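Participant: Give the three-dimensional model of this entry:
(one chain, ligands or ions: 1)
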Amino acid sequence: MAAHQEKKLAEERKHQNMQNDTKTSQGQWGRAWEVDWFSLASILFLLMFAPLIVYYFIMSCDQYQCSLTDPLLDLLTGNKHLSDIWNRTPMLTYRAAAIYSLWVTFQVFLYVSIPDFCHKFLPGYVGGVQEGAVTPAGAVNKYEINGLQAWIISHVLWFANAYCFHFFSPTIIFDNWIPLLWCANILGYAVSTFAIIKGYFFPTNAKDCKITGNFFYDYMMGIEFNPRIGKWFDFKLFFNGRPGIVAWTLINLSFAAKQQELHGEVTNSMILVNVLQGIYVLDFFWNEAWYLKTIDICHDHFGWYLGWGDCVWLPYLYTLQGLYLVYHPVQLRTDYAMGVLMLGLLGYYIFRMTNHQKDLFRRTNGNCRIWGKKPEYIECSYMSVDGTKYYSKLMTSGFWGWARHFNYTGDLMGSLAYCLACGFEHLLPYFYIIYMTILLTHRCIRDEHRCSSKYGKDWKCYTAVVRYRLLPGVF
Ligand code: NDP
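Facilitator: Numbering: from 1, shown residues only. From the prediction side, this is the model:
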């Protein structure tokens, strides 16, 4: 009797699990439909404090030689009041507003008006019109991939204007750094606010919208999946990949020029930071078509997190090392500098190869060679909102057999190298590795949660084969 009851219960559980599996794989993947209290608390924290964090870092360089503790000590001991610090902060200027507007307008122009020509003469480069991944609603968007040419044109014009025609000084970005911060904030908030209004009232693809009903969550994480104006102006690709990232290398060059102006030399640490971060930025543009398949474009909705983050967080906090080196020109011992360079290059190699292996594997549907052998994989399936079943594969060999996100591990090694290039005198330049560790660990967990609801039991089989997330044997 007991055995019979147990069998019935087990059958009921199995039936329920199957229903859950189907439910979770239908329309559940992508960002959450419901908001838990922890996500809400984190979002409120970020909305309130992220702009202050950026201000604090930039202000501490401007007023306290990049010391993170001195402003706090001054305030706690009553040596200074908040108003003293604020009164010494440069305000928004017409000049900064003009520079910023010109920059963003120029990037919009390059993005929407000049079809890619680089793929016509650069062997191996994939540009022009490319398709993104299938969205949760089953749509496939087309993108004009022309970021590399936008980067090249912007840099040629920069060098021509700064060094040949002398229209402006190469230190122009450093000289207007805080006034430009206000401009970046205005754009960041404006675009995020526009995105939520657009999401509510005139979305590009209503089926790919998610509204939780919680205003703060929707504002932060976005409603629309791929907001667009017209056929080609894609918010996610533009804000993720243009005004901030194209500027990243120019910002570093401006910091190097300022170091030269102030100290009469460009230190090897500044060169290291420029070179390593330059490789990372160029890699991004060379692989822009691949970028269409990354989480930012494939899974994140467009809200404040991406809109404000791309306009403010990225250009201001990812460039802290260069800014720090203007105030502290560190000349590294040659063997130490070589060690940092090696770490940065090895990190970059792992980052690129891991991403490349997945890209090749997915593009060829597994018909390729990874480390000279046919790749091993697990077959998996998922469903879009309309109930269409799709099939996919999860690779279990190459770097993807070592850990489930070894690309993040390589990225972290590179990030550590940028920080180590600044020596050990201050904490500020190490913000990047601390932030990236939190970002990528959280991203890894978020991605796995999404993959688990997308692939259900197939994901469990995969994690049983590839057991570690970032570091084999450790985590
Ligand atoms: P990944 O490129 O690792 O993509 C994760 C997706 O890949 C999963 O959602 C899944 O998508 C698919 N996938 C997972 N495992 C496998 C597998 N074994 N075989 C095949 N496909 C698999 O993540 P990101 O998009 O986050 O990162 C891309 C790169 O960008 C990383 O190198 C990261 O370091 C970097 N990055 C840098 C940031 C920065 O600020 N500097 C920020 C974020 C990322 P599917 O649904 O298609 O199965």
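
Participant: Going by C-alpha atoms from here, please, whenever you check contacts or count neighbours.
Facilitator: OK.

Participant: Now do the closest residue to Asn185 other than its chain neighbours: how many residues are near it, please.
Facilitator: Distances taken as CA to CA, 6 or more residues apart in numbering place Val312 nearest to Asn185, at 6.1 Å, with adjacent residues excluded. Counted by other CA atoms under 10 Å, the residues lying close to Val312 total 26.

Participant: Correct me if wrong: Val312 contacts Trp182.
Facilitator: No - Val312 is not in contact with Trp182 according to CA atoms under 8 Å; the separation is 9.1 Å.

Participant: which bits of the stretch 151-300 of the chain sit near the ligand?
Facilitator: Contact residues, the stretch 151-300 of the chain versus the ligand (CA under 6 Å from any ligand atom): 294-295.

Participant: show me the biggest helix of the chain in terms of residues.
Facilitator: helix 334-363 (DSSP state H).

Participant: Would you mark the buried spots in it?
Facilitator: 337, 340-341, 343-355, 357-362 (16 or more other CA atoms under 10 Å).

Participant: closest point of the stretch 151-300 of the chain to the ligand, which residue?
Facilitator: Thr294 (3.2 Å; CA to the nearest ligand atom).

Participant: Can you tell me how far that residue is from Met221?
Facilitator: 17 Å (CA to CA, to the nearest Å).

Participant: Touching, Tyr349 and Gly410? I think so.
Facilitator: Yes - applying CA under 8 Å as the test, Tyr349 and Gly410 come out as touching, 7.3 Å apart.

Participant: Could you pull up the mean pLDDT of the longest helix of the chain?
Facilitator: For helix 334-363, the mean pLDDT works out to 95.

Participant: Check stretch 310-327 too.
Facilitator: In this model, stretch 310-327 carries a mean pLDDT of 97.

Participant: Over to that stretch now: how far is its first residue from its last?
Facilitator: Start-to-end, stretch 310-327 (CA to CA) is 25 Å.

Participant: chain center to that stretch: distance?
Facilitator: Centroid separation for stretch 310-327 versus its chain: 14 Å, with CA atoms, centre = their mean, to the nearest Å.

Participant: Equivalent analysis for stretch 416-433, please.
Facilitator: How far stretch 416-433 lies from its chain's middle: 19 Å, per CA atoms, centre = their mean.

Participant: anything in it near the ligand?
Facilitator: No - if you take CA under 6 Å from any ligand atom as the test, stretch 416-433 misses the ligand, and the best it gets is 9.7 Å.

Participant: And the average pLDDT for that stretch is what?
Facilitator: 97.

Participant: just the CA coordinates of it, formatted as PDB?
Facilitator: What follows is stretch 416-433, C-alpha atoms only, in PDB (Å, rounded to 0.1, in the frame of the first residue of the first chain):
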ATOM      1  CA  LEU A 416      44.200  43.200 -12.900                       C
ATOM      2  CA  ALA A 417      47.100  44.100 -15.200                       C
ATOM      3  CA  TYR A 418      45.700  47.600 -15.800                       C
ATOM      4  CA  CYS A 419      45.600  48.200 -12.000                       C
ATOM      5  CA  LEU A 420      49.000  46.700 -11.300                       C
ATOM      6  CA  ALA A 421      50.500  49.100 -13.800                       C
ATOM      7  CA  CYS A 422      49.700  51.900 -11.400                       C
ATOM      8  CA  GLY A 423      51.900  50.600  -8.500                       C
ATOM      9  CA  PHE A 424      50.700  50.200  -4.900                       C
ATOM     10  CA  GLU A 425      50.500  53.700  -3.500                       C
ATOM     11  CA  HIS A 426      46.700  54.200  -3.700                       C
ATOM     12  CA  LEU A 427      43.500  52.200  -3.800                       C
ATOM     13  CA  LEU A 428      41.800  54.200  -6.500                       C
ATOM     14  CA  PRO A 429      43.300  52.500  -9.500                       C
ATOM     15  CA  TYR A 430      42.300  49.100  -8.100                       C
ATOM     16  CA  PHE A 431      38.600  50.000  -8.200                       C
ATOM     17  CA  TYR A 432      38.500  48.500 -11.700                       C
ATOM     18  CA  ILE A 433      39.500  45.000 -10.700                       C
END
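
Participant: Could you number the chain from 33 rather than 1 from now on?
Facilitator: Happy to do that; since the first residue is 33 now, the last one works out to stretch 448-465.

Participant: Okay, buried residues for it please.
Facilitator: 448-455, 460-465.
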